[in-house]
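Visitor: quick one, fold the following:
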Amino acid sequence: MSSNGEKEAEDVSKTLNISLPFGNMPLPMKIITLLTSAGGLSIVASMFADIVRPQDIHFHFYLLRVITGVLMLIVGYGIAKRKEWSLWLYGGVSVISLFINPILSIVPIGITIYLYVGRAYFTDGFSKKIGAKIPATYQ
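Guide: As a prediction, the model looks like this:
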């Protein structure tokens, strides 16, 4: 059910032989990729908002925030490129978040379960080696 504008953009991209980003990606994967990348960017960008570091927060806290933000950016890129390692990296971050804040980690763990169930979407990794087939909706 694509609108007339989307159909027109697809026709132009096919004519010009241009690959549009997220072209064949299911909507939930698009949303997960967008929110993961935006979350990673916001975590990294929040470092620049801290002009004066409070005395009671240590450098390790800031370093952990930067590492987490960069990891989420890498995961968002991996999901967009259909790499199976991004599924496992997202799962690892979700498990770590379970120990940090169990209540808020319900959403990332739910997303990890969704990604694991739809792992046939990813183009490389263990699933392809054992012969998993990509459903028609993911092609």
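Visitor: all contacts plus neighbour counts: C-alpha atoms, from now on.
Guide: Fine.
Visitor: could you list the low-pLDDT ranges of this protein?
Guide: Scanning the chain for pLDDT under 70 picks out 1-3, 5-6, 9, 12-24, 50-57, 124-139.
Visitor: can we see that at 90?
Guide: Low-confidence segments of the chain, defined by pLDDT under 90: 1-69, 77-88, 91-139.
Visitor: can you tell me how far Ser123 is from Ser42?
Guide: Careful, residue 123 is Thr; it's not Ser. Look at Thr123 and Ser42: by CA to CA, to the nearest Å, they are 28 Å apart.
Visitor: next: His60.
Guide: Distance from His60 to Ser42, by CA to CA: 18 Å.
Visitor: again, but for Ile74
Guide: 14 Å.
Visitor: neighbour count for those two, which is higher?
Guide: Ile74 (18 against 13; other CA atoms under 10 Å).
Visitor: what sits against that one?
Guide: 37, 86 (CA atoms under 8 Å, 6 or more residues apart in numbering).
Visitor: could you pull out the helices in this structure for me?
Guide: 4-16, 27-49, 59-80, 84-100, 106-117, 126-129 (DSSP state H).
Visitor: what comes up buried for the fourth one?
Guide: Along helix 84-100, the positions that meet the burial threshold by neighbour count (16 or more other CA atoms under 10 Å) are 84-87, 89-91, 93-95, 97-98.
Visitor: tabulate these (a markdown table), appending distance to Ile113.
Guide: Below are these laid out as a markdown table (distance: CA to CA, whole Å):
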| residue | distance to Ile113 |
| --- | --- |
| Glu84 | 14 |
| Trp85 | 15 |
| Ser86 | 13 |
| Leu87 | 10 |
| Leu89 | 13 |
| Tyr90 | 10 |
| Gly91 | 8 |
| Val93 | 13 |
| Ser94 | 10 |
| Val95 | 12 |
| Ser97 | 15 |
| Leu98 | 14 |
